[in-house]
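Enquirer: Sequence first, predicted coordinates after that:
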Amino acid sequence: MSEPLKIAIDTSPLLGGHARRGIGTYTRELLKALTTRADLTITRITRRRKIEKGEFDLIHYPFFDLFFHTLHQRRGQKTVITIHDVIPLEFPEQYPAGVKGSLRFIQQKRALKKVSWVLTDSEYSKAQIVKFLSFPAEKISAILLAANPEIVRQSREQMALVREKFHLPEKYILYVGDINYNKNVPQLIKSLKFLPDDISLVCVGKNFSPQPIPEWEAIERQVALSDVSERMHFCPDVEPEAVAELAAIYSGAKLYVQPSLSEGFGLPILEALQCRTPVVSTNRGSLPEVSGEAAIYAEPEAESLAEAIKQVLDWSRSERAERVEKGFQWSQKFTWEKAAEQTTTAYKQALERS
């Protein structure tokens with residue numbers, strides 16, 4: 001039996017704001033799965049840690065920022081990086097890099113040429129990386145992610161407790177995530193106009209609070225234009241470690257909606273399906289890869305989203321039970337053990353071919 005590969009993983013995404021985002025979930029769950037493998041020896045590092053020559057077979061950076069200097073090459077060291085998406089390059093007018101950001105992008109793109117292998121979250125993201133970053137497709141592995149396995153359907157008692165804690169309405173549709181332009185939250189808010197008056201929208205995420213940025217201003221403007229302020233419930237205070245609370249919010253929803261214009265993956269879809277909550281999703285980006293036949297699809301406009309939402313609300317009890325079971329079974333195809341297996345294969349390919 002050959003010696004285990006010595007892999008260093010940069011755990012910087014577990015610090016600061018990234019810990020609460022999908023990047024933090026990815027780093028945390030993948031690390032957990034990789035450390036159980038007998039063919040790997042995993043060491044956590046930070047970017048400032050001094051690396052001795054020959055100490056590791058390769059270093060894995062699980063995060064790549066297009067406009068900041070996050071890729072620190074070490075001379076003679078094989079490197080694997082994860083690029084989750086290149087969405088700012090898909091919508092350049094909405095994600096202006098500025099002069100400094102544009103210069104850093106050139107530096108990052110130049111540094112990328114020396115990388116041994118790239119991992120990404122979907123076939124869609126792989127195609128976008130090839131298109132926008134000119135990285136060779138044969139050195140990119142598209143590895144589908146998985147939800148936190150602890151996010152599962154909660155009891156009625158737990159749902160009631162969480163509903164009371166966060167002052168949630170009785171009947172609500174749910175969105176979990178950020179407020180970036182590609183998330184398309186204003187159109188989801190507008191869709192409330194076309195839904196029954198007793199349906200509210202609950203939005204969970206740390207950025208759902210007043211702040212002087214265009215994305216929040218667009219949300220406030222749409223709430224006012226649609227005259228739905230009494231049906232909007234923002235929850236910025238659900239802590240990332242409060243898994244049972246988040247699971248209860250998913251479990252209590254009539255359905256989950258992913259209204260995005262583009263996504264590199266879409267973890268909340270799998271989280272909702274694990275909680276046996278129906279999903280409405282747009283058909284953009286990687287979302288069809290994540291949702292398969294488990295979601296009801298819509299265009300990313302308010303009217304189309306509302307039609308898909310009403311379709312789910314109109315399901316009979318038996319149809320809903322059948323659909324949520326189908327969705328749950330689909331979600332079980334995504335595991336971090338599978339992602340770790342494919343990541344290990346990519347490590348070996350990087351060492352063999354680079």
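Expert: Right, received. Where do you want to start? Numbering: from 1, shown residues only.
Enquirer: number of nearby residues for H69?
Expert: Each residue near H69 was counted by other CB atoms under 10 Å, and the total is 10. Heads up, the C-betas are built off the backbone N, CA and C, glycines and all.
Enquirer: Same check on E55?
Expert: Using other CB under 10 Å, E55 has 14 neighbouring residues.
Enquirer: before we move on, what about S251?
Expert: With other CB under 10 Å as criterion, S251 counts 23.
Enquirer: Kindly report the same for V257.
Expert: Look at V257: counted by other CB under 10 Å, it has 30 neighbours.
Enquirer: And the pLDDT at it?
Expert: If you check V257, the pLDDT there is 98.
Enquirer: Could I get the phi/psi values of the nearest residue to G22 once chain neighbours are set aside?
Expert: In space, and not counting its chain neighbours, G22 is closest to L267: 5.3 Å by CB to CB, 6 or more residues apart in numbering. Backbone torsions for L267, taken as degrees, to the nearest 10, come to phi -60, psi -40.
Enquirer: how's the chain carved up into domains?
Expert: Listed domain ranges for the chain are 5-146+335-353, 156-331 (source: automatic domain parsing).
Enquirer: most neighbours per residue, which of those?
Expert: With neighbours defined as mean count of other CB atoms under 10 Å, the domains of the chain peak in mean count at domain 156-331, which reaches a mean of 19.
Enquirer: Quick check: end-to-end length of that one?
Expert: Domain 156-331 stretches 22 Å from its first residue to its last (CA to CA, to the nearest Å).
Enquirer: One more: stretch 202-211?
Expert: Across stretch 202-211, first to last residue, CA to CA, it's 18 Å.
Enquirer: and if you look at stretch 112-119?
Expert: End-to-end span of stretch 112-119 (CA to CA): 12 Å.
Enquirer: wait, isn't S209 in contact with C235?
Expert: No: S209 is not in contact with C235 according to CB atoms under 8 Å; the separation is 9.7 Å.
Enquirer: Any chance you could list what contacts the strand or helix carrying L225?
Expert: Under the criterion of DSSP states H and E, L225 resides in helix 214-226. Helix 214-226 is contacted from outside by 179-181, 185-187, 189-190, 192-193, 207-210, 229, 232, using CB atoms under 8 Å, 6 or more residues apart in numbering.
Enquirer: That helix: what's the following helix or strand?
Expert: Note on helix 214-226: by DSSP H and E, the next helix or strand toward the C-terminus is strand 232-235.
Enquirer: Quick one: mean pLDDT for stretch 276-290?
Expert: 98.
Enquirer: picking that back up, from the contacts of helix 214-226, which is closest to K114?
Expert: K114 lies nearest to N180 out of those, by CB to CB, at 29.3 Å.
Enquirer: how near is the closest residue in space to that closest one that isn't next to it in sequence to N207?
Expert: Among residues not flanking N180 along the chain, E215 sits closest, at 6.4 Å (CB to CB, 6+ apart). Separation of E215 from N207 (CB to CB, to the nearest Å): 8 Å.
Enquirer: joint contacts of those two?
Expert: With CB under 8 Å, 6+ apart, E215 and N207 have common neighbours I179.
Enquirer: Tell me which other helices or strands the helix or strand encompassing Q329 touches.
Expert: Per DSSP H and E, Q329 falls inside helix 317-331. Helices and strands touching helix 317-331, by 3 or more CB pairs under 8 Å, 6 or more residues apart in numbering; DSSP states H and E, are helix 267-274.
Enquirer: one more time with 10 Å
Expert: strand 255-258, helix 267-274, strand 279-282, helix 287-291, strand 295-298, helix 302-313 (3 or more CB pairs under 10 Å, 6 or more residues apart in numbering; DSSP states H and E).
Enquirer: Next up, the contacts around L267.
Expert: 21-22, 25-26, 29, 121, 145-148, 151, 176-177, 290, 334 (CB atoms under 10 Å, 6 or more residues apart in numbering).
Enquirer: about what we covered before: can you tell me which of the domains of the chain the model trusts least?
Expert: domain 5-146+335-353 has the lowest average pLDDT among these, namely a mean of 91.
Enquirer: so G54 makes contact with Q77?
Expert: Yes: judged on CB atoms under 10 Å, G54 makes contact with Q77 at a distance of 9.4 Å.
Enquirer: which residues does L30 contact?
Expert: Residues in contact with L30 (CB under 10 Å, 6+ apart) are 9, 60, 62, 82, 119, 143, 145-146, 336, 339-340, 343.
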